[in-house]
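Chemist: Next come a sequence and a model predicted from it.
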Amino acid sequence: MPMKRIRLGVLMDDISSIKPNKDSSFAMMLEAQARGWEIHTFDSSDMFYSGNKVCALTRITKVQDSETNWHSSESSDVTNLESMDVVFMRKDPPFDMDYIYSTYLLEQLELQGVLVINKPSSLRDANEKLFALNFPECIPKTLVSSKISQLQSFIDSLSTVVVKPLDGMGGVDIFKLSKGDTNISKILKKITNNETRYIMAQEFLPEIKNGDKRILLINGRPVDYALARLPAEGSFKGNLAAGAKGVGQPLSERDRYLCAQIAPTLIKKGLVFVGLDVIGDYITEINVTSPTCIRELDKQFEINISAMLLDEVEKRLALS
């Protein structure tokens, strides 16, 4: 373990707006503080490049495990981010151009020897919907297209599919469409923006009734438990933000098999902390931007996932 005090930068949305009982970035900061790390928080709009340096208006932040008074921060100050030992990129989607620009600035930090998690270039490469296409044997039948005729044919061939945008989160603009539905054309026009935007269509998996499992991986190694997000009554969406209930369960043999298939690629790409979404026997998404569910799993199984992550970080810092 490094002898000096570790300085952690956390690029995240406004900490005052989070739900501390559910926020994984908050869980990481609680563990970092317990280890004596110095925590600096900032948003993408606080970061800038000047004088050959990547800087940010950062706030030295202290946290406590409370739902009413969970943080305190010193006033903003300009910080040369090269002084950080590690930076966590924890911005929530949408994955827009500002997000892309942030990764370019973080990449400059990497060149100066700062550890950035997850690796900025891989955040750009690994779209959370499309990244799974690299593992065709592990995903359900899938079509990516902007053309309504192709999407309609896909629906007809499978009877029921789920369609979703490539840049969404929280269950927004996700629809289950079945052959013969009268609103198919209207919905497809909407989410393809009149055939100008790619979307993903996937075979509907009835196993969703047993939950959309979130599996967390640290440097390719899965945590032993998944959070099965059970859709609310009358819904097919396994998103906590859409009303799903999170129920923890041990990983199955199939879960571990799926993790083993993607692990070498995650390690190669420097994707240290990843959330794998699994319905039944298939991967539906690979979340790399700001995976969640740490707090729910910690509480249900009395574990400390953030400690596992920070152990990995400390190991990397010791080797650098």
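Modeler: Nice, thanks for sending it over.
Chemist: Give me the domain ranges for the chain.
Modeler: Following automatic domain parsing, one gets these domains for the chain: 7-123+307-319, 141-203, 207-287.
Chemist: which ones are touching the closest residue to G270 other than its chain neighbours?
Modeler: Excluding its sequence neighbours, the residue lying closest to G270 (Cβ to Cβ, 6 or more residues apart in numbering) is K119, at 3.2 Å. (Glycine included, C-beta is placed from N, CA and C.) With contact taken as Cβ atoms under 8 Å, 6 or more residues apart in numbering, K119 is in contact with 110, 269-272.
Chemist: Format the domains of the chain as CSV; extra columns: mean pLDDT and distance to E296.
Modeler: Shown next, in CSV, are the domains of the chain (pLDDT from 0 to 100; distance: least, Cβ to Cβ, whole Å):
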stretch, mean pLDDT, distance to E296
domain 7-123+307-319, 95, 7
domain 141-203, 93, 15
domain 207-287, 92, 5
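Chemist: For the stretch 51-200 of the chain, which segments count as strands?
Modeler: Taking DSSP state E, counting those that start in this stretch as the test, the strands found in the stretch 51-200 of the chain are 53-63, 71-73, 77-80, 86-89, 115-117, 142-145, 160-165, 175-178, 199-203.
Chemist: so which of those comes closest to S25?
Modeler: Closest approach to S25 among those (Cβ to Cβ): strand 86-89, 7.1 Å.
Chemist: which residues are in contact with the closest one?
Modeler: 6-12, 25, 28, 81, 102-103, 106, 109, 114-118, 120, 123, 289-290, 313, 317.
Chemist: swap in stretch 178-194?
Modeler: 146-148, 151-152, 155-156, 159-160, 163-165, 173, 175, 177, 195, 197-199.
Chemist: Now do the buried residues in it.
Modeler: 184, 187-188, 191-192 (16 or more other Cβ atoms under 10 Å).
Chemist: Over to stretch 45-65?
Modeler: Buried, per 16+ other Cβ under 10 Å, within stretch 45-65: 46-47, 54-61, 63.
Chemist: First-to-last residue distance for it?
Modeler: 27 Å (Cα to Cα, to the nearest Å).
Chemist: Would you pull up how far that stretch lies from the middle of the chain?
Modeler: 21 Å (Cα atoms, centre = their mean, to the nearest Å).
Chemist: Neighbours of E67, how many?
Modeler: If you count neighbours by other Cβ atoms under 10 Å, E67 ends up with 8.
Chemist: Make sure it is actually in contact with N21.
Modeler: Yes. The pair E67 / N21 is scored as a contact, 5.7 Å apart, by Cβ atoms under 8 Å.
Chemist: which residues does D224 contact?
Modeler: 250-251.
Chemist: Quick one: the buried residues of stretch 178-194 as TSV, columns for distance to S235 too.
Modeler: Shown next, in TSV, are these (distance: Cβ to Cβ, whole Å):
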residue	distance to S235
I184	19
I187	16
L188	21
I191	18
T192	23
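Chemist: Among these, which are located in helices?
Modeler: 184, 187-188, 191 (DSSP state H).
Chemist: ok, those vs F135, which is closest?
Modeler: I191 (24.5 Å).
Chemist: Please report how far that closest one lies from A32.
Modeler: 39 Å (Cβ to Cβ, to the nearest Å).
Chemist: before we move on, the earlier item: single out the most deeply packed of the strands of the stretch 51-200 of the chain.
Modeler: Of all the strands of the stretch 51-200 of the chain, strand 86-89 has the most neighbours on average by mean count of other Cβ atoms under 10 Å, namely a mean of 24.
Chemist: Now find how far off-centre that one is within its chain.
Modeler: Counting by Cα atoms, centre = their mean, strand 86-89 comes out at 14 Å from the chain centroid.
Chemist: Sheet-wise, list the partners of it with their directions.
Modeler: Paired neighbours of strand 86-89 in the sheet (DSSP bridges): strand 7-11 (parallel), strand 115-117 (parallel).
Chemist: Can I get the longest one in PDB, CA atoms only?
Modeler: In PDB, the C-alpha atoms belonging to strand 7-11 read as follows (Å, rounded to 0.1, in the frame of the first residue of the first chain):
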ATOM      1  CA  ARG A   7      -5.600  12.000  -3.200                       C
ATOM      2  CA  LEU A   8      -8.900  11.000  -5.000                       C
ATOM      3  CA  GLY A   9     -10.700  13.100  -7.500                       C
ATOM      4  CA  VAL A  10     -14.300  12.100  -8.200                       C
ATOM      5  CA  LEU A  11     -15.900  13.500 -11.400                       C
END
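Chemist: That one versus strand 53-63: what angle between them?
Modeler: Strand 7-11 and strand 53-63 meet at an angle of 100 degrees, taking axes from the mean of the first three to the mean of the last three Cα atoms, to 10 degrees as the criterion.
Chemist: can you pull the buried residues of the next helix-or-strand element following strand 7-11?
Modeler: Later in the chain than strand 7-11, the nearest helix or strand by DSSP states H and E is helix 24-34. Buried residues in helix 24-34, counted by 16+ other Cβ under 10 Å: 24-33.
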